[in-house]
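J.: Sequence and predicted structure are below.
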2 protein chains.
Amino acid sequence: MTTALTPSTNAVDLGPAVELVSKEEGHRQPLAPEFVSAEDFSPLEVGYDFGRVRREDIESGPRNIWRYKKLLPVPSNVEEIPNTEPGCTRLVRADNLAKALGVKRLWVKDDTGNPTHSFKDRVVAVALAAAREFGFDTLACPSTGNLANAVAAAAARAGWQSVVLVPSSLERAKILTTAVYDGALLAVDGNYDDVNRLATELAGEHESWAFVNVNVRPYYSEGSKTLGFEVAEQLGWRLPEQIVVPIASGSQLTKVDKGFKELAQLGLVDESPYTIFGAQAAGCSPVSTAFRNGHDVVQPVKPDTIARSLAIGNPADGPYVLDTVNRTGGSIEDVTDEEVVEGIRLLARTEGIFTETAGGVTVATAKKLIEAGKIDPDAETVLLITGDGLKTLDAVEDAVGPKATVAPSAAAVNEILGG
Amino acid sequence: MTTALTPSTNAVDLGPAVELVSKEEGHRQPLAPEFVSAEDFSPLEVGYDFGRVRREDIESGPRNIWRYKKLLPVPSNVEEIPNTEPGCTRLVRADNLAKALGVKRLWVKDDTGNPTHSFKDRVVAVALAAAREFGFDTLACPSTGNLANAVAAAAARAGWQSVVLVPSSLERAKILTTAVYDGALLAVDGNYDDVNRLATELAGEHESWAFVNVNVRPYYSEGSKTLGFEVAEQLGWRLPEQIVVPIASGSQLTKVDKGFKELAQLGLVDESPYTIFGAQAAGCSPVSTAFRNGHDVVQPVKPDTIARSLAIGNPADGPYVLDTVNRTGGSIEDVTDEEVVEGIRLLARTEGIFTETAGGVTVATAKKLIEAGKIDPDAETVLLITGDGLKTLDAVEDAVGPKATVAPSAAAVNEILGG
């Protein structure tokens, strides 16, 4: 099940990363561009020897994810190599939204400020840095949106080739926002499952192509830890009490947890209890459904939701999400497309942050969990807002518009606004 | 010519700001929500008593424009009041673009990372902070795009009302990105000139409405200084040798210059020569035309360009732009819409940054000025990229797309990409 690549693992500098470890049984193997254990067929994760890491090491670093390079599988000089410099996005104290939701202390981690306006810039930057060490020269992915933008932009900045595969039915706007970076964007006649299968096939054939979410996935997924690192650092080096994370493959949720645990293990934050909540759209809720039914495996579904960036019907990390949420005493919920749109509008109206549908899922799920008494209104809560409303304008198209169309006179305006 | 407002100037705390000064003859008057001198009818600018400002004061501040609060007309506690926290966007070393353009050292100031993805978040944040001190409770503007987004978002976050006036012919996407914040967005039956006139009329009638670019314009425009401050700080506390700035009203260019001068006067940077270049679209090039003809006044034009965020046919600060560019030994050029699109694509292809049409104007103008020998290829150059490509997708719609549409098989992909 490993790829056909011959890894050039001699003398790779991936900083503190020292090995790959299988998630199920802990089999260890050298660092390589592989993603599934040949021993137990479970996903491979990066194993580290962190040594000593101090807050000062981080605080004196650049204002992007490379300040955490001692906690990531990236070269020691990673910040010197041209990259998109994602991360260090705003953590906003959201008192207006807190009031609307009936909770005391609420924070929004606004990842729309990344270079291509989603958290994918984080994971792609880490994947690119690792892929360079392994001798790849082309960055590739199957995608329907945010990932395509992030891969094409990161490759352009790095001076690499990119190969981005998208379903040919994808909306024109999403094609433009990737095509502008001038990589090899290919429209594939098929659905997203077809595109994904094609990516795995190509990853096995092309020794120089790093498919970020296939053959270098163990490195790629570590990038999501930086969301957890930043939240903790921005809170003044402490863990939040509650956090709500959207679920697509489930990787992000498990990596935020991993990030929190690493910070505590290294003494960078005090060990304190935290609860992780998962958010899905009702039209693609395999993990939420499994949680509700008390299952520890996830039954695949056929997605049908406006929250396309979360529409993974067979989430690879589903079981690990269930573990994490149960271990931390959390919960998982799903919300309808109507609630997603209301979530987008609520966040925009209260805090001036315009998120994509995935962010609407997070806000609406938080609302539902608060109303159900699952989220403690007296404890602090962080919402992860991972993508930008400009990319999913169609979601709000029927819901918002001008208050009125008026003649160009003050009298006309005053009549409408009661001036 | 002052507005009908009764300013509550008693005990306003606008930090180092102490007065308003007329731009032409230097007449001084108390701080107030006024924008034109009753003495000489020239624009009013903020006058300061900076006192001592040290680099440490700035470096220990928040990672947003409020780190420069001792250089802005804002309250001393401005960072504690809910706001969108703009600024501290990336300054990217652009070696790929430098190579493509044939220059040695090039930097891109990427202001697409702001909360609503344009530099307008900076000026609106300063306008809001000042407006609050003057007792306003509604944030307003006439706009056709970026400013509308920024005002609606900033008002939502602050818990203020907003009144945003746009031409009713505005594209649906631009209406959605403002309407989502749920302020009073009004579509006005008329062109942008009609909307502008209406705004001035309404500013005179409504004592509680702060039109950011009308009655509180002196404060608003100071926000653009932060672009200059950040560039200098990010270069390690020094001024760049050359900088290219797009021209709409011309305010931004003059304020970047003002920012540089203030830093030098306060000893925050060494005084060193710098040259400022101006960029316009050929379809709206009144300042470029005046510069070319050696005039010191600007003849209004009727705009016709895809660079709509720069399409101000009668730029208020045109004469001051000419002064500044001439004083610093710079130049002003304009570029065709085709060149604008090529500029957008060049920046995306080389640095992975997707800018709106205004950024395309800046890149294409830089190229033209380099080719003409006006920009020194051996000196360092900074390009100001002030807005996001996601907002002007139509500009690239006919120019970019997938390399090919293929069947979902590796063989089909390999045939196209020569694998």
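T.: Yep, it's here.
J.: so how far is stretch A:300-319 from its chain's centroid?
T.: 14 Å (C-alpha atoms, centre = their mean, to the nearest Å).
J.: same deal with stretch A:111-123?
T.: Chain-centre distance of stretch A:111-123: 8 Å, with C-alpha atoms, centre = their mean.
J.: Buried residues, it. List them.
T.: Going by neighbour count (16 or more other C-beta atoms under 10 Å in any protein chain shown), the buried part of stretch A:111-123 is A:111-123. (C-beta placed from N, C-alpha, C; glycine too.)
J.: pLDDT below threshold where in chain A?
T.: Along chain A, segments meeting pLDDT under 70 span A:1-10, A:419.
J.: How is it divided into domains?
T.: A:1-49, A:90-117+A:221-395, A:135-215 (automatic domain parsing).
J.: a markdown table for those, including distance to B:Q280?
T.: Shown next, in a markdown table, are the domains of chain A (distance: least, C-beta to C-beta, whole Å):
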| stretch | distance to B:Q280 |
| --- | --- |
| domain A:1-49 | 47 |
| domain A:90-117+A:221-395 | 26 |
| domain A:135-215 | 23 |
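J.: looking at those domains, which is closest to B:Q299?
T.: B:Q299 sits nearest to domain A:135-215 of all these, at 35.0 Å, using C-beta to C-beta.
J.: That closest one and chain B, any residue contact?
T.: Yes - using C-beta under 8 Å from any C-beta of the partner chain, domain A:135-215 reaches chain B at A:152-159, A:163, A:165-166, A:168, A:172-173, A:175-177, A:179-182, A:184-190, A:194-195, A:197-198, A:201-202, A:205-206.
J.: from the chain's centre, how far out does that domain sit?
T.: Distance of domain A:135-215 from the chain centroid (C-alpha atoms, centre = their mean) equals 17 Å.
J.: quick one: the closest residue to A:W66 other than its chain neighbours from A:P62, how far?
T.: Once flanking residues are discounted, A:W66 sits nearest to A:E79: 4.0 Å by C-beta to C-beta, 6 or more residues apart in numbering or on different chains. Between A:E79 and A:P62 the computed distance is 5 Å (C-beta to C-beta, to the nearest Å).
J.: cool, A:K109 as well?
T.: Remark: distance between A:K109 and A:P62 (C-beta to C-beta) = 19 Å.
J.: between the two, which one's more packed in?
T.: More neighbours surround A:K109 than the other of A:K109 and A:P62, with 24 against 14 (other C-beta atoms under 10 Å in any protein chain shown).
J.: Could you report the neighbour count for A:A179?
T.: Neighbour count for A:A179, taken as other C-beta under 10 Å: 24.
J.: need the contact list for it.
T.: Residues near A:A179 by C-beta atoms under 8 Å, 6 or more residues apart in numbering or on different chains: A:A152, A:L185, B:V400, B:G401, B:P402.
J.: Helix or strand: which one has the closest residue in space to it that isn't next to it in sequence?
T.: Nearest residue to A:A179, sequence neighbours excluded (C-beta to C-beta, 6+ apart): B:V400, at 4.1 Å. When elements are assigned from DSSP states H and E, B:V400 belongs to no helix and no strand.
J.: I figured B:V400 hits A:G183, correct?
T.: No - taking contacts as C-beta atoms under 8 Å, B:V400 lies outside contact range of A:G183: 10.9 Å.
J.: So if I had to pick from these two, which one is more boxed in?
T.: Between B:V400 and A:G183, A:G183 has the larger neighbour count (other C-beta under 10 Å), namely 26 against 21.
J.: quick one: contacts for the spatially closest residue to the more buried one that is not a sequence neighbour?
T.: Closest residue to A:G183 apart from its sequence neighbours, by C-beta to C-beta, 6+ apart: A:S162 at 3.2 Å. Listed by C-beta under 8 Å, 6+ apart, the contact set of A:S162 reads A:T138, A:L139, A:A140, A:V151, A:A152, A:A154, A:A155, A:A156, A:Y181, A:G183, A:A184, A:L185.
J.: got those as JSON lines, with distance to A:G387 and secondary structure columns?
T.: Formatted as JSON lines, those follow (distance: C-beta to C-beta, whole Å; DSSP: H, G, I helix; E, B strand; the rest coil):
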{"residue": "A:T138", "distance to A:G387": "25", "secondary structure": "strand"}
{"residue": "A:L139", "distance to A:G387": "20", "secondary structure": "strand"}
{"residue": "A:A140", "distance to A:G387": "21", "secondary structure": "strand"}
{"residue": "A:V151", "distance to A:G387": "15", "secondary structure": "helix"}
{"residue": "A:A152", "distance to A:G387": "16", "secondary structure": "helix"}
{"residue": "A:A154", "distance to A:G387": "16", "secondary structure": "helix"}
{"residue": "A:A155", "distance to A:G387": "20", "secondary structure": "helix"}
{"residue": "A:A156", "distance to A:G387": "20", "secondary structure": "helix"}
{"residue": "A:Y181", "distance to A:G387": "18", "secondary structure": "coil"}
{"residue": "A:G183", "distance to A:G387": "21", "secondary structure": "coil"}
{"residue": "A:A184", "distance to A:G387": "24", "secondary structure": "strand"}
{"residue": "A:L185", "distance to A:G387": "20", "secondary structure": "strand"}
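J.: so which of those is the most crowded?
T.: Top of these by neighbour count (other C-beta under 10 Å): A:V151, with 35 neighbours.
J.: That one contacts A:V123, doesn't it?
T.: No - using C-beta under 8 Å, A:V151 is not in contact with A:V123; the gap is 9.9 Å.
J.: Please identify every residue contacting each of those two.
T.: Common neighbours of A:V151 and A:V123 (C-beta under 8 Å, 6+ apart) are A:V212.
J.: Could you pull up phi and psi at the residue nearest to A:K99 when sequence neighbours are not counted?
T.: Take A:K99 and drop its neighbours on the chain: the residue closest to it by C-beta to C-beta, 6+ apart is A:T350, 7.9 Å away. Note on A:T350: backbone dihedrals following degrees, to the nearest 10 are phi -90, psi -40.
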